[in-house]
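pasted the sequence and its predicted model underneath.
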Amino acid sequence: MKLIPACGFESVPFDLGVLGLDSAFREVDGSRLREAEAEARFIFHSSPLRYGHGTSGGTLATVARLIEFGDLTDSRSFARVAEPLEIAQPIGLEARRSRDGEWLGPLMPTPFLNPAVMALSSQRLEEGPGGYAPGFRYRESLNLSASLGSSLLGKVAAKGSSALARRLDAMPRRQQTPSDRFILAALDALAPAAGLGPRRSALDSIDYEIELRASSSSGLHGKGKVHGKGHPGYRSAANILAETGIGLACDETLPERYGVQTPASALGWGFADSLASAGLHFEIEVGDAVQA
């Protein structure tokens, strides 16, 4: 039996995109993935201000429980494994500027998830054999300038989401202060109730892209792009889950790894083609070599 806990927008497009870059490096010169960076952006087909709540009450309730019962930066809590996971780079929660001057923020509402999944993927792939290069580093962000269509709005959103993420991250490791309790109460009051979320009309009015940049242990550089169709959390994720379920039931070419797995270790890079039916398309380029 295979169990893939992170099998929607988090973490299939990210995890398989990174695996695709590693596969391309190995094909070119046998080197292994050393560093990878993912930059996501949302594509709104009309003003993002018309969408209302972008996150469901259930998602926010889950985040609240994680804050209450665990350390958000403890990779083992998210990967649900007992063994330690090596993450060579701390999870980035800071607002920052891209090389093009755009504002980047943490990938809310769960910026703590994908780094743990990437670390677990490298560990699981090593059993293959496989695995990324020792000291593999992964970093991700959400491009808020591009998503909101404004540098000023992007700056405000990046700094605000960064401050909120850092505050939520600190809560499990200390006794909650009155201001902590106020933030949690405000989130609870402003959030939709469990079972409620984005309007159905919004689910097909948002797409997303993930730009990937990577380097290998031999110094090769690669880049990639993942195109996703539909609301990342509630349309694309559902389509990915359905296609993955069909694959697990019917695809005999999947890697023979069982138990708790990640998308990369359970599905393999070859499954990326099957995800086109879920509206997910991958493009990987290393030098002159292109895989799509």
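That came in fine, so what should we check first?

now the helices: where do they sit in this structure?
12-29, 57-69, 75-79, 113-126, 144-148, 151-170, 178-190, 200-203, 237-250, 263-267 (DSSP state H).

go through those and name the closest to residue 227.
Closest to residue 227 of the helices of the chain is helix 12-29 (C-beta to C-beta; 8.9 Å). C-beta: built from backbone N, CA, C; applies to glycine.

any buried residues in the closest one, and which?
Within helix 12-29, the residues that count as buried by 16 or more other C-beta atoms under 10 Å are 12-25, 28.

just name the closest of those to residue 64, please.
Nearest to residue 64 among the buried residues of helix 12-29 is residue 14, at 23.7 Å by C-beta to C-beta.

report the contact partners of the closest one.
38, 114, 117-118, 140, 210, 226 (C-beta atoms under 8 Å, 6 or more residues apart in numbering).

from residue 187, how far off is it?
For residue 14, the distance to residue 187 equals 25 Å [C-beta to C-beta, to the nearest Å].

relative to its centre, which residue of the chain is most distant?
Most distant residue from the mean C-alpha position of the chain: residue 178, 31.8 Å away (C-alpha atoms, centre = their mean).

can you say which of the helices of the chain is nearest to residue 216?
Nearest to residue 216 among those is helix 12-29 (4.0 Å), distances taken as C-beta to C-beta.

let me see the mean pLDDT of the closest one.
The predicted model assigns helix 12-29 a mean pLDDT of 96.

off-centre distance for it?
15 Å (C-alpha atoms, centre = their mean, to the nearest Å).

again, but for stretch 29-46
For stretch 29-46 - counting by C-alpha atoms, centre = their mean - the centre lies 10 Å from the chain centre.

got it, and stretch 199-208?
How far stretch 199-208 lies from its chain's middle: 19 Å, per C-alpha atoms, centre = their mean.

and the end-to-end length of that stretch?
18 Å (C-alpha to C-alpha, to the nearest Å).

returning to what we had before: and the contacts of residue 14, which is closest to residue 256?
residue 117 (20.3 Å).

with just CA atoms, put stretch 168-185 into PDB.
Taking C-alpha atoms only, stretch 168-185 is exported to PDB below (Å, rounded to 0.1, in the frame of the first residue of the first chain):
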ATOM      1  CA  LEU A 168       2.300  31.900  13.800                       C
ATOM      2  CA  ASP A 169       5.600  30.000  13.600                       C
ATOM      3  CA  ALA A 170       6.700  31.300  17.000                       C
ATOM      4  CA  MET A 171       3.500  30.500  18.900                       C
ATOM      5  CA  PRO A 172       4.000  26.800  19.500                       C
ATOM      6  CA  ARG A 173       7.400  27.400  21.100                       C
ATOM      7  CA  ARG A 174       6.300  29.900  23.800                       C
ATOM      8  CA  GLN A 175       3.400  30.700  26.000                       C
ATOM      9  CA  GLN A 176       0.800  32.600  24.000                       C
ATOM     10  CA  THR A 177       0.700  36.300  24.700                       C
ATOM     11  CA  PRO A 178      -2.500  38.500  24.700                       C
ATOM     12  CA  SER A 179      -1.500  39.700  21.200                       C
ATOM     13  CA  ASP A 180      -1.100  36.100  20.000                       C
ATOM     14  CA  ARG A 181      -4.600  35.300  21.200                       C
ATOM     15  CA  PHE A 182      -5.900  38.400  19.600                       C
ATOM     16  CA  ILE A 183      -4.400  37.300  16.200                       C
ATOM     17  CA  LEU A 184      -5.900  33.800  16.500                       C
ATOM     18  CA  ALA A 185      -9.300  35.200  17.500                       C
END
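
lovely, talk soon.
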